[in-house]
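In: Just the structure for this:
(one chain, ligands or ions: 2)
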Amino acid sequence: MTNQIITTDVAIIGAGTAGLAAYRAAIANGKRALLIEGGPYGTTCARVGCMPSKLLIAAAEAAHEARHTAAFGVHIDGEIRIDGREVMDRVKRERDRFVGFVVKSVDGIPAEHKLAGFARFVDNTTLQVGFDGGEQTLVQATRVVIASGSSPAIPEPFKVFGDRLVVNDDVFNWDTLPHSVAVFGPGVIGLELGQALSRLGVKVRLFGVRGGVGPLTDPQVRDYAKSVFQSEFAFNPDAQIEHMGRNGDKAVITFRVANGESVTETFDYVLAATGRTPNVRGLGLENTGLALDERGVPLFNADTTQCGTSPIFIAGDANNFLPLLHEAADEGKTAGTNAATWPQVNPGLRRATIAVVFSDPQIAMVGKRFADLIPGSFVTGEVSFEDQGRSRVMLRNKGLMHVYADRQTGRLLGAEWIGPRAENIAHLLAWAVQQQLTIAQMLDMPFYHPVVEEGLRTALRDVAAKLTTN
Ligand SMILES: Cc1cc2nc3c(=O)[nH]c(=O)nc-3n(C[C@H](O)[C@H](O)[C@H](O)COP(=O)(O)OP(=O)(O)OC[C@H]3O[C@@H](n4cnc5c(N)ncnc54)[C@H](O)[C@@H]3O)c2cc1C
Ligand SMILES: NC(=O)c1ccc[n+]([C@@H]2O[C@H](COP(=O)([O-])OP(=O)(O)OC[C@H]3O[C@@H](n4cnc5c(N)ncnc54)[C@H](O)[C@@H]3O)[C@@H](O)[C@H]2O)c1
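Out: Ligands and ions are numbered 1, 2, ... in the order given. Below is the predicted model:
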């Protein structure tokens, strides 16, 4: 039953990072805006994403550091005790603090600009909003921003695990740490959470398909990363799963190991980290005139976020383009601005691409991926961090970096690597890509001694030498 009608200029579906940025941009451009949210306020990033995962990883790093002091001649005598309840208590306490900041900022938005309920398109600019079985509100807008985020994609066969099957959201609500977890999916989430749980004393086995390791596409870097993680915890990047089932309150998995033998192991939980799917299925997009791709996502312009020539814009994880926090914020701003100025639309800010996996060693990707480069058009510079001075000093000397430069112009195209302090070096490289610097210009920049960035310089010198000999 529809009990009220609201008219507005810009209706925004989802009050996550992209939706909030879109709301602010629409208001800043002088339009009325309505922020529609079907779940709790607080954003995926703060509630179940970036922040709680980094909090769990921070605890894991503390445990790992404490266990690895002896090589420096520093001995911690006695047991290193990990209190699962205290670990999870801090994760949740700090997570709630971050969520609180977001909720406070949403509280500052006038009540008449907010509507609780799930939105569904009736036509291009009319939405029906409400909860299942509850009263519905009709929202008549002149433009709409879709910022509905993404959700874990769980393969159907995993349902056999019943209540033993968890996703990232569940992990951050645990009161204590379990004894054992099978993690499926060595992508970003699986690597980050799998390694963190392992370092916190949980028995972890990480299963992948087709040999993928995080987002890496460069085969040599991927192989190196695989061996680093395999040396730390049980990791089958190309697992042959023979059976999945339940035995009492345990998950049971039978898989084939490298020598062909069948092994059966039991776990307290199975964590599905098998990718995320954009939240577009329940939006009633079939009631719009939009063309959709094979995943049901409207075709859109990545620079303007506009769907075709319609007054509908799509930002953040919902568009499945670059599902990262800073991209959601940028795209939300672009979508909100263009929705406000529609039918006049302009390209928004697109920065050089940058992605960091908070594993240890960290993985980073900047600019063009190896997989996207045209063979023969580029040269690759390499550095191993195994003998890199500063990295050895700190006993963090594991890593392999590849940087790619355009053969004709000598410009930096991108880089993929695993290594120490990658989160920081990634920024240097992303800024260089965005400034379209050549390798020669980068080598003219200062490098202090002794720092991990000297490793980057070695890779750049390697590229420079290859550019001159080619
Ligand atoms: C475990 C994990 C770790 C991550 N770590 C990082 C990291 O370290 N760095 C990084 O850059 N990124 C990270 N990400 C990715 C990052 O969290 C996302 O890219 C970002 O949060 C996407 O923001 P968004 O606004 O698109 O979606 P969200 O914040 O999910 O917002 C979408 C909102 O839409 C609402 N909604 C959905 N459908 C409807 C509807 N029909 N009607 C009304 N409301 C609706 C949802 O309830 C939700 O509140 C991580 C993600 C996960 C899961
Ligand atoms: N540090 C960060 O920036 C960060 C952290 C977490 C998440 N994220 C974002 O969230 C997105 C989603 O992360 P994700 O890790 O869920 O997805 P992902 O796409 O990165 O990885 C999914 C992995 O699951 C594997 N997989 C798929 N089906 C499988 C199966 N049946 N068995 C075993 N493995 C299977 C895939 O091969 C892949 O390796 C990322 O792409 C990223 O944009 C970012």
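In: only C-alpha atoms for contact and neighbour calcs from this point on.
Out: Noted.
In: Can you list the low-confidence ranges for the chain?
Out: For the chain, applying pLDDT under 70 flags the ranges 1-2, 470.
In: buried set for the longest helix seen in the chain?
Out: Criterion DSSP state H: the longest helix present in the chain is helix 84-107. Within helix 84-107, the residues scored as buried using 16 or more other Cα atoms under 10 Å are 84, 87-89, 91-92, 94-96, 98-100, 102-103, 106.
In: ok, and of the residues you listed, which contact ligand 1?
Out: Subset of these in contact with ligand 1: empty, counting by Cα under 6 Å from any ligand atom.
In: taking those residues as a set, which two sit the farthest apart in space?
Out: Distance extremes for the buried residues of helix 84-107: the farthest pair is 84 and 106 at 32.6 Å, using Cα to Cα.
In: re earlier: so how far is the next helix-or-strand element following the longest helix of the chain off the chain centroid?
Out: Next helix or strand after helix 84-107 toward the C-terminus (DSSP states H and E): strand 114-116. Going by Cα atoms, centre = their mean, to the nearest Å, the spacing between the C-alpha centre of strand 114-116 and its chain's C-alpha centre is 27 Å.
In: And for stretch 94-112?
Out: With Cα atoms, centre = their mean, you get 22 Å for stretch 94-112.
In: what's that stretch in contact with?
Out: 34, 41-43, 46-47, 51-52, 55 (Cα atoms under 8 Å, 6 or more residues apart in numbering).
In: same thing with stretch 226-239?
Out: 186, 195, 198, 204-213, 255-257, 398.
In: Show only the entries of the residues you listed found in helices.
Out: 195, 198.
In: From the contacts of stretch 226-239, list just the buried residues.
Out: The buried subset of those (16+ other Cα under 10 Å) comprises 186, 195, 198, 204-209, 211-213, 255-256, 398.
In: just those now: which is nearest residue 175?
Out: So of the buried ones among the contacts of stretch 226-239, ranked by how close each gets to residue 175 (Cα to Cα), first place is residue 198, at 17.0 Å.
In: who touches that closest one in this structure?
Out: So residue 198 contacts 204, 233 (Cα under 8 Å, 6+ apart).
In: Tell me how far it lies from ligand 2.
Out: Separation of residue 198 from ligand 2 (Cα to the nearest ligand atom, to the nearest Å) stands at 17 Å.
In: And for residue 108?
Out: Note on residue 108: its distance to ligand 2, by Cα to the nearest ligand atom, is 28 Å.
In: Quick check on that residue: phi, psi?
Out: Main-chain dihedrals, residue 108, degrees, to the nearest 10: phi -80, psi -10.
In: Quick check: end-to-end length of stretch 233-242?
Out: Start-to-end span of stretch 233-242 (Cα to Cα, to the nearest Å) is 21 Å.
In: Report the buried residues of that stretch.
Out: For stretch 233-242, burial by neighbour count (16+ other Cα under 10 Å) applies to 233-237, 239-241.
In: Also stretch 146-154?
Out: Applying a neighbour-count criterion of 16+ other Cα under 10 Å, the buried positions in stretch 146-154 are 146-152, 154.
In: Kindly report the same for stretch 212-229.
Out: Applying a neighbour-count criterion of 16+ other Cα under 10 Å, one finds 212-218, 221-222, 224-226, 228-229 buried in stretch 212-229.
In: Make JSON lines from these and add distance to residue 332 and secondary structure to it.
Out: Shown next, in JSON lines, are the buried residues of stretch 212-229 (distance: Cα to Cα, whole Å; DSSP: H, G, I helix; E, B strand; the rest coil):
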{"residue": "212", "distance to residue 332": "30", "secondary structure": "coil"}
{"residue": "213", "distance to residue 332": "30", "secondary structure": "coil"}
{"residue": "214", "distance to residue 332": "26", "secondary structure": "coil"}
{"residue": "215", "distance to residue 332": "24", "secondary structure": "coil"}
{"residue": "216", "distance to residue 332": "27", "secondary structure": "coil"}
{"residue": "217", "distance to residue 332": "28", "secondary structure": "coil"}
{"residue": "218", "distance to residue 332": "31", "secondary structure": "coil"}
{"residue": "221", "distance to residue 332": "33", "secondary structure": "helix"}
{"residue": "222", "distance to residue 332": "33", "secondary structure": "helix"}
{"residue": "224", "distance to residue 332": "37", "secondary structure": "helix"}
{"residue": "225", "distance to residue 332": "34", "secondary structure": "helix"}
{"residue": "226", "distance to residue 332": "35", "secondary structure": "helix"}
{"residue": "228", "distance to residue 332": "37", "secondary structure": "helix"}
{"residue": "229", "distance to residue 332": "36", "secondary structure": "helix"}
